[in-house]
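Visitor: attaching a predicted model along with its sequence, questions to come.
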Amino acid sequence: MSGNSATVPVPPALLPIAVKEEWQPPPVAEVLAVYAGRAKDTVTATRGAAKVRESLNRAKAAAAQRRAAQQTARRTPKSA
């Protein structure tokens, strides 16, 4: 066994330590600049908004139906 094959442990103080910077979101203007040249497609936007509204209304109706069923189940006497 030669003397060159042994590894010398490096003390932790000599290792380079990367200082972790706190993450910052990119500036809004920089993000929106990507979309600046795009043409506004009102037909697609209107259709998308209508789909979102319809989905939201369905979810609200389902939640109301669930709440009503739960209230009915609580009011029904358990034993006859």
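Guide: Cool, the structure landed. Numbers count the residues shown, from 1 in each chain.

Visitor: most centrally placed residue in the protein?
Guide: Nearest to the mean C-alpha position of the chain, by CA atoms, centre = their mean, lies residue 25 at 14.5 Å.

Visitor: which residues touch that one?
Guide: Under the criterion of CB atoms under 8 Å, 6 or more residues apart in numbering, residue 25 has no contact partners. All C-beta spots, glycine's among them, are computed from the backbone N, C-alpha and C.

Visitor: please report how far it lies from residue 31.
Guide: Counting by CB to CB, to the nearest Å, the separation of residue 25 from residue 31 is 8 Å.

Visitor: quick revisit: got a pLDDT number for the residue nearest to the centre of the chain?
Guide: pLDDT for residue 25: 90.

Visitor: tell me which element it falls in.
Guide: Assessed by DSSP states H and E, residue 25 sits outside every helix and strand.

Visitor: would you mind measuring from it to residue 35?
Guide: As judged by CB to CB, residue 25 and residue 35 stand 16 Å apart.

Visitor: average pLDDT for stretch 58-72?
Guide: On average, stretch 58-72 scores 96.

Visitor: renumber starting at 56 from here on
Guide: Sounds good: first residue 56 from here, last item stretch 113-127.

Visitor: okay, residue 96: pLDDT?
Guide: pLDDT, residue 96: 89.
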